[in-house]
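In: Take a look and give me a structure for this.
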Amino acid sequence: MPKINGNEIKPGNILEHNGGLWIAVKVDHVKPGKGGAFAQVEMKNLRNGSKLNERFRSADKVEKVRLDQKDQQFLYETDGMLVFMDMETYEQIELPADILGDRRPFLQDGMTIQIEYYEAEAISAALPQKVTCTVVETEPAVKGQTAANSFKPAVLDNGVRVMVPPFVGQDEAIVVNTETMEYAERA
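Out: Model (predicted):
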């Protein structure tokens, strides 16, 4: 694994620090009036989600980790575990359902998601950026309410509540951005 200097850390880098795997969430380069410059790095642990603020000087060496990414197909859920199949080897793996966090409702049968591995351990899972869902409940459009920024609440087929434009009706398919969990467009 390559070692990088403390001032080369960028947001999104995955680092091995204090025996754990951390992702750099926020990096501020600070140049105080006295003393040398340093990078103030806010990090999040990839295994347990704990946060850490650390200072790295340019002379500090940090281990930069590269994760392997594999596309895997979602098969089913059993006892709080999600079962995925490797698209090339057809091997099946089980991951805890909380690996997706609050985006879990957007996971659909047969969906291909990207799982990141560190050596043989699955660290994270990423859903496709856009997912198609059906609106099961929303208010009818109010005539004359055509303001550019007017939105109304809607409940999707997976139970998630989102805000949709007034022209979207019940039983309509819409595309939802899974990163922001917001309406993107009509399907």
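In: how is the chain carved up into domains?
Out: Using automatic domain parsing, the domain parsing of the chain gives 3-64, 68-126, 130-186.
In: In a markdown table, list the ones you listed along with mean pLDDT and mean neighbour count.
Out: Just so you know, the C-beta spots here come from the backbone N, C-alpha and C atoms, and that holds for glycine as well. Below are these laid out as a markdown table (pLDDT from 0 to 100; neighbours: other Cβ atoms under 10 Å):
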| stretch | mean pLDDT | mean neighbour count |
| --- | --- | --- |
| domain 3-64 | 90 | 14 |
| domain 68-126 | 89 | 14 |
| domain 130-186 | 87 | 14 |
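In: May I have the phi/psi pair for the residue most central in space within the chain?
Out: Against the mean C-alpha coordinate of the chain, by Cα atoms, centre = their mean, the closest residue is residue 126 at 5.6 Å. Backbone torsions of residue 126, given as degrees, to the nearest 10, read phi -120, psi 130.
In: ok, it - contacts?
Out: By Cβ atoms under 8 Å, 6 or more residues apart in numbering, the contact set of residue 126 is 113-116.
In: same check, this time on residue 115
Out: With contacts taken as Cβ under 8 Å, 6+ apart, residue 115 has the following neighbours: 69-72, 84, 95, 122, 124-126.
In: my guess is residue 139 contacts residue 153, does it?
Out: Yes. Here residue 139 reaches residue 153: they are 7.4 Å apart, a contact under Cβ atoms under 8 Å.
In: Make sure I have this right: residue 55 is in a strand.
Out: Yes. Applying DSSP: H, G, I helix; E, B strand; the rest coil, one finds residue 55 inside a strand.
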